[in-house]
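Engineer: I would like to see how this sequence folds:
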Amino acid sequence: MPLRYCGSIDIELELNDTTEPIAALYVGTDTGAILTDPSQKWSITNPTCHYDVLKIDSSLNENYTKHMTENGTLHMPYCTFISSLSTILANDSQVSISRSLSKLETIYISLYKKFTDIKRIKHGTDKLLNNFWSPNSGVAELVRDSYNIFNYDEKIQNIQLNVGSKVFPVYPIDSTASCLYELRKAMKNNFTDINSCNINSDTYRSNKFVTAFNLCKDSDSEISFAGYNTKNATMVLKLTTAGDVTNRADMLHTVLVAEQILTLSNLSARVSD
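Structural biologist: Model prediction:
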């Protein structure tokens with residue numbers, strides 16, 4: 001980012017309220033359990049901001065200056081995130097995503113359910129920021145086969161995204177395994193042993209459930225602007241789960257990942273989405 005043409009840069013940090021700890025510690029037995037708040041014992045004493053500045057050659061800098069003073073522009077692509085929350089009122093829900101973007105790459109979704117049982121409010125799992133609840137949370141084991149593998153009742157029946165007349169994926173997501181497959185596909189090379197998410201099979205079925213829709217034209221492409229144009233289309237997310245109200249989420253969290261362009265001129269800055 002050329003600081004010379006950016007004027008001032010503001011960095012905004014939002015800290016959690018002290019009455020809402022990030023993590024709660026579950027102590028004691030199920031009957032005599034208490035919740036403590038270890039996160040309030042932390043304090044920030046010396047915040048610092050680290051940044052790198054690259055200085056270009058003087059002759060190249062003069063060329064940039066001449067280009068900008070002659071009404072030239074600099075086009076800088078960058079990635080942005082758009083977050084929204086929606087309330088879930090039924091097992092069969094349709095949620096509209098009201099955001100028009102020229103290059104939408106990925107949509108990540110997670111679910112949240114407010115717990116009231118003291119046995120489930122532990123390690124901060126009652127917080128929206130770290131409780132990615134699954135409809136299969138708490139579902140009992142059905143059978144165990146001869147290879148000692150557990151089989152569970154699947155509560156995820158249908159997850160699909162409509163963008164105008166096009167659907168993602170073509171065949172609806174109808175299982176936890178399919179949800180994980182779509183997440184891996186959307187994360188591309190980031191889903192590895194080195195760069196990955198701390199999710200195992202047990203937590204993925206309980207409180208770390210995340211799935212995604214990959215809207216890139218080429219799912220293996222690393223080039224910019226390979227996303228899907230949603231400017232003239234209505235986006236609707238369909239979510240259907242089986243079971244009773246205990247298997248239904250209270251809220252749906254969507255995060256849109258899109259490519260945008262920052263255009264800098266000598267007198268102004270403009271963002272194209």
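
Engineer: make it CA atoms for all contacts and neighbour counts henceforth
Structural biologist: Noted.

Engineer: which SSE is Thr263 in?
Structural biologist: According to DSSP states H and E, Thr263 maps onto strand 251-264.

Engineer: what is the neighbour count of Asp202?
Structural biologist: 10 (other Cα atoms under 10 Å).

Engineer: tell me the SS of it?
Structural biologist: Three-state assignment for Asp202 (DSSP: H, G, I helix; E, B strand; the rest coil): helix.

Engineer: quick check: next helix or strand after the strand holding Thr263?
Structural biologist: strand 269-272.

Engineer: which strands and helices lie in contact with that next one?
Structural biologist: On a contact count with 3 or more Cα pairs under 8 Å, 6 or more residues apart in numbering; DSSP states H and E, strand 269-272 meets strand 251-264.

Engineer: in the sheet, which strands lie alongside the strand it packs on, parallel or antiparallel?
Structural biologist: Applying DSSP bridges, strand 251-264 is found paired with strand 74-87 (antiparallel), strand 104-112 (antiparallel), strand 269-272 (antiparallel).

Engineer: next, the buried residues of it.
Structural biologist: Buried positions in strand 251-264, judged by neighbour count with 16 or more other Cα atoms under 10 Å: 251-262, 264.

Engineer: between the helix or strand where Glu182 lies and strand 104-112, what angle do the directions make?
Structural biologist: Following DSSP H and E, one finds Glu182 within helix 176-187. Interaxial angle of helix 176-187 relative to strand 104-112 (axes from the mean of the first three to the mean of the last three Cα atoms, to 10 degrees): 140 degrees.

Engineer: what's helix 176-187 in contact with?
Structural biologist: By Cα atoms under 8 Å, 6 or more residues apart in numbering, the residues outside helix 176-187 that reach it are Thr106, Glu154, Ile156, Ile173, Phe191, Arg205, Val210, Thr211, Ala212, Phe213, Asn214, Ser219.

Engineer: dump the C-alpha coordinates for it into PDB.
Structural biologist: In PDB, the C-alpha atoms belonging to helix 176-187 read as follows (Å, rounded to 0.1, in the frame of the first residue of the first chain):
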ATOM      1  CA  THR A 176     -21.300 -34.100   7.900                       C
ATOM      2  CA  ALA A 177     -18.800 -35.700   5.600                       C
ATOM      3  CA  SER A 178     -20.100 -33.700   2.600                       C
ATOM      4  CA  CYS A 179     -19.800 -30.500   4.700                       C
ATOM      5  CA  LEU A 180     -16.100 -31.300   5.500                       C
ATOM      6  CA  TYR A 181     -15.400 -32.000   1.800                       C
ATOM      7  CA  GLU A 182     -16.900 -28.600   0.800                       C
ATOM      8  CA  LEU A 183     -14.800 -26.900   3.500                       C
ATOM      9  CA  ARG A 184     -11.600 -28.600   2.300                       C
ATOM     10  CA  LYS A 185     -12.400 -27.600  -1.300                       C
ATOM     11  CA  ALA A 186     -13.000 -24.000  -0.400                       C
ATOM     12  CA  MET A 187      -9.800 -23.700   1.600                       C
END
